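Trainee: Sharing a model prediction with you, sequence too.
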Amino acid sequence: MRLLSSLVVISALAAMPAPLASQEGLAVGSMVPAKAPLETLDGKPADLSQFVGKGPVVFEFWASWCPNCRMLESQISALARRYAGRVQFVFVAVSVNQPVALVRKHIATHPLPGVVLYDRQGFASEAYEAPATSYVVIVNAKGRVVYSGTGGAQKLGAAVARAL
């Protein structure tokens, strides 16, 4: 009897639908936030919204110490060369364990193929729901998210092409 009861419970649990996986970051198909304040590397106010609506944009939430970000560098550089003049690349340096002086020093020796901004207060990271560094958000010309993901093994080429 006990075995039969256990089998009934196990069967009932197996028949239940699996819970939906939670998505990290902005949902594909959503519009990017209207405001995402941060600053330039020389401390002037900026906002990620200034890049939206003028064409496709690749945003990467990045850190000089991030191994996944380093893994993405060659792929993003190749995409920036391939889509030069058609897609904007914007790198958001998070302030976690990297003061702006360190970001400037890193960029001087390891230039990135686009605009580099600094998220001193974390407002842009919060607005874009950045779960970690190496977080990439690709946006089409209308400001709609066509891709979001994290990690060094992301394949971004098809998403950039879809944003065009």
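Mentor: Nice, thanks for sending it over. Since the structure is predicted, the reported quantities are computational estimates derived from the model, not experimental observations.
Trainee: low-confidence ranges in this protein?
Mentor: 1-23 (pLDDT under 70).
Trainee: need the helices for it, in chain order.
Mentor: Counting by DSSP state H, one finds helices in the chain at the ranges 2-15, 67-82, 100-109, 123-127, 157-163.
Trainee: Tell me which of these approaches A46 most closely.
Mentor: With Cβ to Cβ, the closest approach to A46 among the helices of the chain belongs to helix 123-127: 9.0 Å. For the C-beta atoms, the positions are set from N, CA and C on the backbone; glycine is no exception.
Trainee: buried set for that closest one?
Mentor: Neighbour counts over helix 123-127 (16 or more other Cβ atoms under 10 Å) mark F123, A124, S125, A127 as buried.
Trainee: Kindly export that helix (C-alpha atoms) in PDB.
Mentor: Provided in PDB are the C-alpha atoms of helix 123-127 (Å, rounded to 0.1, in the frame of the first residue of the first chain):
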ATOM      1  CA  PHE A 123      21.600  53.100 -12.500                       C
ATOM      2  CA  ALA A 124      22.100  51.800 -16.100                       C
ATOM      3  CA  SER A 125      22.800  48.300 -14.800                       C
ATOM      4  CA  GLU A 126      19.600  48.300 -12.800                       C
ATOM      5  CA  ALA A 127      17.500  49.800 -15.600                       C
END
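Trainee: and the residue nearest to the spatial centre of the chain, what is it in contact with?
Mentor: With distances taken as Cα atoms, centre = their mean, V136 lies nearest the centre of the chain, 2.4 Å away. Listed by Cβ atoms under 8 Å, 6 or more residues apart in numbering, the contact partners of V136 are V58, F59, E60, F61, L72, Y147, S148, G149, T150, Q154, L156.
Trainee: Fine, thanks again, bye for now.
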